[in-house]
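Predicted structure and sequence below. I'll ask about it afterward.
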Amino acid sequence: MKKLLLLPALFILQIHSFGQNVDYIVESIDFRTPVTAVNISPEQEWILAGLEDGTLHVLDISTRMEILKIEGAGLNAIYDIEMTPTGDVIFVAAGNRISLFDTSGKPLTVWGHHRNTIWSMDISHDGQYMASTEVNKTFQLIDVFTGERKQFMRGHDDVVLAVDFSPDGKLLASGSNDKKVFLWEMDSLRVIQTFQGLSDNIYDVAFSPDGKYLAAASKDESVRIWDIEKNKLFRLLKGHKEMVLEIEFSPDGKYLLSAGADGAIKLWDIKSGEQLYAYLENEGAVADICFLPGGKTFVSAGMDENLKIWELNPEIFVLKYFPEDYKKEMENDPLFLPRQKGEKRSEYNERTKKASGKKKEIIDRYYRQYLQEYAE
């Protein structure tokens, strides 16, 4: 799902660092134009990146080598990218059109159902329906197989910017500038629940992988998570300094990422509601985020013209839950001392190499303790 607003290196191990002074960047790819959308193919083999100039790039998820480039995939900035569950058709939302391509880049057709800019779209998990929003009070339900509009979805009092199907395909969530999130029943296409409490526009909605929770990101700088069955607020997440544009649950449902116009990506613990970490190495708004296979890394699309891959490094959890013990153990080990007077460069380099291995051992031990005490 993509709801971008129009807004203007490898991780280096630092032996003597204990606080948050580095972000865990695995790789950064400079496209020299803002990256406005990102998604992962259903088979989890590709990263699909849409750019502000309408170009679509498809990268191998392991090597990050480009395997397909479609120039002019959109006549305008690409705001969302989806694929059928079978992975044979790519959908590109740009301007007021949804363009369809096969996996070789060959154009298939164009859907012209919308009159205004398309902000968000999502495909049901059975591949039957596409929900897509534009800058008006309705959103559309389209039959993926025929390309025909099934229904205008009416009910919101203001612009609808966000949609998401539940994992089982029985429900559909929509978020609007009317500050409400609707839960639609797919069988009847009726609103069965309404979630409120946000004080400003809603830019993204997302179901947890088990379908138990529904989250919404807002211009009011917060993320709210509701328990669907209990019909009540479960978590209120605050920490961004500007509007929250995108949210994403981890594949195991334990964590949530939120990305904002402030350039920050925040990692939240769903169980406790605590912020675990803030990734800050962005020079512009973060337009989109998506977890990669396994949930230990994720990719972000940035208005700073970069597609970045980040790591949920175990040190993040160690620094959050065992900071004093971790710091004390490092400080008391002579391996981690600065270069000593009279110490040869070769000796220091050898000690630094050993210190790097020892640091990993310490982190791994505390991370296992975190998993036992906090992550179950």
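Sure thing, it's come through. Treat the numbers as computed from the prediction; the structure is a model and nothing was measured. Residues are numbered from 1 along each chain as shown.

and D364, that one's in a strand?
No - checked against DSSP: H, G, I helix; E, B strand; the rest coil, D364 lies outside a strand; its state is helix.

okay but it is in contact with N313, surely?
No - D364 is not in contact with N313 according to C-beta atoms under 8 Å; the separation is 11.3 Å. For the C-beta atoms, the positions are set from N, CA and C on the backbone; glycine is no exception.

For the protein, which residue occupies the most central location?
I289 (2.5 Å; C-alpha atoms, centre = their mean).

That one is in what secondary structure piece?
I289 belongs to strand 286-291 when assigned by DSSP states H and E.

got it, and D252?
Short version, using DSSP H and E: D252 is in no helix or strand.

And for the one 5 residues further on?
Taking DSSP H and E as the criterion, the element that holds L257 is strand 255-260.

what comes into contact with that strand?
With contacts defined as C-beta atoms under 8 Å, 6 or more residues apart in numbering, strand 255-260 is touched by 215, 217, 221, 223, 225, 237, 240-250, 265-270, 276, 285-289, 291, 295, 298, 300, 312.

Check those residues for burial and list the buried ones.
215, 217, 221, 223, 225, 237, 240, 243-250, 265-270, 276, 285-289, 291, 295, 298, 300, 312 (16 or more other C-beta atoms under 10 Å).

so of these, which ones are in strands?
Using DSSP state E, the subset of the buried ones among the contacts of strand 255-260 located in strands is 215, 217, 223, 225, 237, 244-249, 265-269, 276, 286-289, 291, 298, 300.

Wait, the residue nearest to the centre of the chain touches F298, no?
Yes - I289 lies in contact with F298 (C-beta under 8 Å); the separation is 5.9 Å.

Mutual contacts of the two, please.
In contact with both I289 and F298: E248, L257, using C-beta under 8 Å, 6+ apart.

Give the rounded mean pLDDT of stretch 90-104.
The average pLDDT for stretch 90-104 rounds to 97.

cool, and stretch 134-149?
Average pLDDT, stretch 134-149: 94.

Show the end-to-end separation of it, please.
14 Å (C-alpha to C-alpha, to the nearest Å).

Just give me how far that stretch sits from the chain centre.
The gap between where stretch 134-149 is centred and where its chain is centred comes out at 24 Å by C-alpha atoms, centre = their mean, to the nearest Å.

which parts of that stretch are buried?
Buried-residue list, stretch 134-149, by 16+ other C-beta under 10 Å: E134, K137, F139, Q140, L141, I142, V144, G147.

How is the protein divided into domains?
Here the domain parsing of the chain from automatic domain parsing is 25-313, 321-373.

most packed of those?
Highest mean neighbour count among the domains of the chain (mean count of other C-beta atoms under 10 Å): domain 25-313, with a mean of 19.

Next, the distance between the ends of it.
End-to-end distance for domain 25-313: 10 Å, by C-alpha to C-alpha.

Over to stretch 233-252?
Where stretch 233-252 starts and where it finishes are 21 Å apart, if you go by C-alpha to C-alpha.

chain center to that stretch, what's the gap?
Distance, centroid of stretch 233-252 to centroid of chain: 10 Å (C-alpha atoms, centre = their mean).

same check, this time on stretch 144-155
Using C-alpha atoms, centre = their mean, the mean C-alpha position of stretch 144-155 is found 26 Å from that of the whole chain.

Then stretch 133-148?
23 Å.

Just the residues contacting it, thanks.
3, 84, 96, 109, 111, 113-121, 123, 127-132, 149-154, 156-163, 174, 176, 189.
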